[in-house]
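Novice: I'd like to go over a predicted model; first the sequence, then the structure.
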Amino acid sequence: MPYFSFSIKGINSQLKEFNIKPNELYYSKNTEIWKILNKKSDNSIISLNYQKRLRIEKLGKNILFFLPPSIGVGDAIEYAIAIKELRNKKSFNKIAVAFAGKYSFIFKKYFKIKNTFSYVISKNQMLEYDTHFHFTLEIKPLINQKYFRTNIYNEILKYFKIVNEIKYNKYLLNKKIKKISIFPISTSPLRSMPVEVISNLIKKLEKKFQVEIFFDNNSEISNFLYKNLKVDKVSIHNPKNTIELVDQIKKIEYGIFMDSGPIHIAKLFNKRGLLLETTVSKNILLNNYFLIKSIENKYSSSFCEAPCGLTDIFNFKNNFGCYDSLEIKDNFFKKNKFSFLNNRGVKNNYLEFIKKPVGCINSLNVQNIYNNIIKDIDL
């Protein structure tokens, strides 16, 4: 998604939700705004231009951080934690965040970053800051998060030469767990639970615990899993948005997580649980967070070794899959800086990889998961 500027004479109904005023110059990275402006055939657009991101020459006292486009809730939380740490450790007079989108409430409510801009920022607002910092321009390890996941929080602190001293509150481990919450959905089939794993896990858990499972009506993966599961005795939740999801995760006792937004939200509220490691390392996702245990994924083949760092399937010469399913060694792409990869058409193939999971997902063992849950809860 390009970084662009625009100005418009009149605001139609499609743009009202973005709080845009006429005859004012704005900057944005939002896909929807870009599409709306490019479709307009009338003369209401004053200007619409690509903008070049510029590296900073030196850090000033008033800094505006630009988030990358289309991030998920988990990444938003990791960026927010890092920015909060910068605010506490660096002598900035003023800190702001641009392009937080629908996750703006997380930055404002839970991290008290009041100068947060959701979808656009005006030229006049930008002039209040002497440093414009694009994360994925300045910090190289943040560029290829889709193909080689890194710890966002650690990479930002490393760039600013801040020691990672994050501490989590201790939990009363003797608190009795009566309910287990399952979060099987990710935006990627490489990080979502297969139907059989969910079904068999529920059968084991419901003999000893109340069980609830969280779905997402807006997700094709989620809708497929829901339709193919028998969940008569299980409480079903379909949060309508991220705000509602956050409110519900606040109330859980113990969660079973994949690499997806809920695990990052759970860490905000010192929740206990178990992570099922697949393509992304527990060291990246948990970052020494000791209240959520993990099951190491030891899957390996001639083409990969879990966790490989890949977060989604990819398109390689019009074939879709991961390193293992496409029989391509992962270091081939790392040497070529991922230039051969693209995500064109990958979403159209998600369900094929839910029906037939890749190796590391297929290696998830329900009995092992259950044993780890019981061991953790009985400590």
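Specialist: It's in. Because the structure is a prediction, the values reported are computed rather than measured.
Novice: ok, now how distant is residue 136 from residue 110?
Specialist: 23 Å (C-beta to C-beta, to the nearest Å). For glycine as for every other residue, the C-beta is placed from the backbone atoms N, C-alpha and C.
Novice: swap that for residue 245, sorry
Specialist: Counting by C-beta to C-beta, the separation of residue 245 from residue 110 is 13 Å.
Novice: More neighbours: these two, which one.
Specialist: Neighbours were counted for residue 245 and for residue 110 using other C-beta atoms under 10 Å; residue 245 has more, 20 against 16.
Novice: Nearest spatial neighbour of that one, chain-adjacent residues omitted?
Specialist: Leaving aside its sequence neighbours, residue 245 sits nearest to residue 239 (C-beta to C-beta, 6 or more residues apart in numbering; 3.9 Å).
Novice: Per-residue pLDDT of the nearest residue to residue 296 once chain neighbours are set aside, please?
Specialist: The shortest distance from residue 296 to any non-neighbouring residue, by C-beta to C-beta, 6+ apart, is to residue 277 (5.8 Å). At residue 277, the model reports a pLDDT of 97.
Novice: for residue 22, same thing?
Specialist: 91.
Novice: Same check on the one 5 residues further on?
Specialist: The score at residue 27 is 97. That number is its pLDDT.
Novice: Let me know whether residue 178 touches residue 210 as I believe.
Specialist: Yes - using C-beta atoms under 8 Å, residue 178 makes contact with residue 210 at a distance of 5.9 Å.
Novice: Neighbour count for the two, which is higher?
Specialist: Neighbour totals were compared for residue 178 and residue 210, and residue 210 leads with 15 against 10 (other C-beta under 10 Å).
Novice: Now that one, what are its backbone angles?
Specialist: The phi/psi pair for residue 210 (degrees, to the nearest 10) reads phi -70, psi 140.
Novice: So in terms of bridging, what pairs with it?
Specialist: Residues in a beta bridge with residue 210, per DSSP bridges, are residue 179.
Novice: I'd guessed it sits against residue 177; true?
Specialist: No - shown here, residue 210 and residue 177 do not form a contact pair, counting by C-beta under 8 Å, at 9.7 Å.
Novice: and the end-to-end length of stretch 133-142?
Specialist: Terminal residues of stretch 133-142 lie 13 Å apart, using C-alpha to C-alpha, to the nearest Å.
Novice: Quick one: mean pLDDT for that stretch?
Specialist: 95.
Novice: And for stretch 242-249?
Specialist: Mean pLDDT, stretch 242-249: 96.
Novice: Which positions within that stretch qualify as buried?
Specialist: Going by neighbour count (16 or more other C-beta atoms under 10 Å), the buried part of stretch 242-249 is 242, 245-246, 248-249.
Novice: Need the pLDDT of the residue nearest to residue 216 when sequence neighbours are not counted.
Specialist: Excluding its sequence neighbours, the residue lying closest to residue 216 (C-beta to C-beta, 6+ apart) is residue 222, at 4.3 Å. Per-residue confidence (pLDDT) for residue 222: 96.
Novice: Enumerate every residue touching residue 222.
Specialist: Residue 222 sits next to 185, 215-216 when contact means C-beta atoms under 8 Å, 6 or more residues apart in numbering.
Novice: Go through those and name the one nearest residue 368.
Specialist: residue 185 (21.2 Å; C-beta to C-beta).
Novice: is it true that residue 264 lies in a strand?
Specialist: No - Residue 264 is assigned helix when assessed by DSSP: H, G, I helix; E, B strand; the rest coil, not a strand.
Novice: That one touches residue 71, doesn't it?
Specialist: No - between residue 264 and residue 71 there is no contact under C-beta under 8 Å: 11.3 Å.
Novice: Looking at these two, which one has more neighbours?
Specialist: More crowded of residue 264 and residue 71, by other C-beta under 10 Å: residue 264, with 23 against 19.
Novice: hmm, back to that, which helix or which strand is home to the residue nearest to residue 216?
Specialist: Residue 222 is located in helix 220-227, with elements delineated by DSSP states H and E.
Novice: same deal with residue 315?
Specialist: strand 314-316.
Novice: got the contact list for that strand?
Specialist: Contacts to strand 314-316, defined as C-beta under 8 Å, 6+ apart, come from residues 147, 320-322, 326, 328, 340-346.
Novice: just those now: which is nearest residue 159?
Specialist: The closest of these to residue 159 turns out to be residue 147 (C-beta to C-beta; 20.4 Å).
Novice: Look at the closest one and say how many residues are nearby.
Specialist: 19.
Novice: Surely it touches residue 311?
Specialist: Yes - applying C-beta under 8 Å, one finds residue 147 in contact with residue 311, separated by 7.3 Å.
Novice: what's stretch 121-141 in contact with?
Specialist: 3, 5, 24-28, 53-56, 58-68, 79, 94, 96, 98-99, 117, 142-143, 150, 155-156, 159.
Novice: what's the span of it from first residue to last?
Specialist: One end of stretch 121-141 sits 26 Å from the other (C-alpha to C-alpha).
Novice: mind listing what's buried in it?
Specialist: Buried positions in stretch 121-141, judged by neighbour count with 16+ other C-beta under 10 Å: 121-122, 125-126, 129, 131-137, 139, 141.
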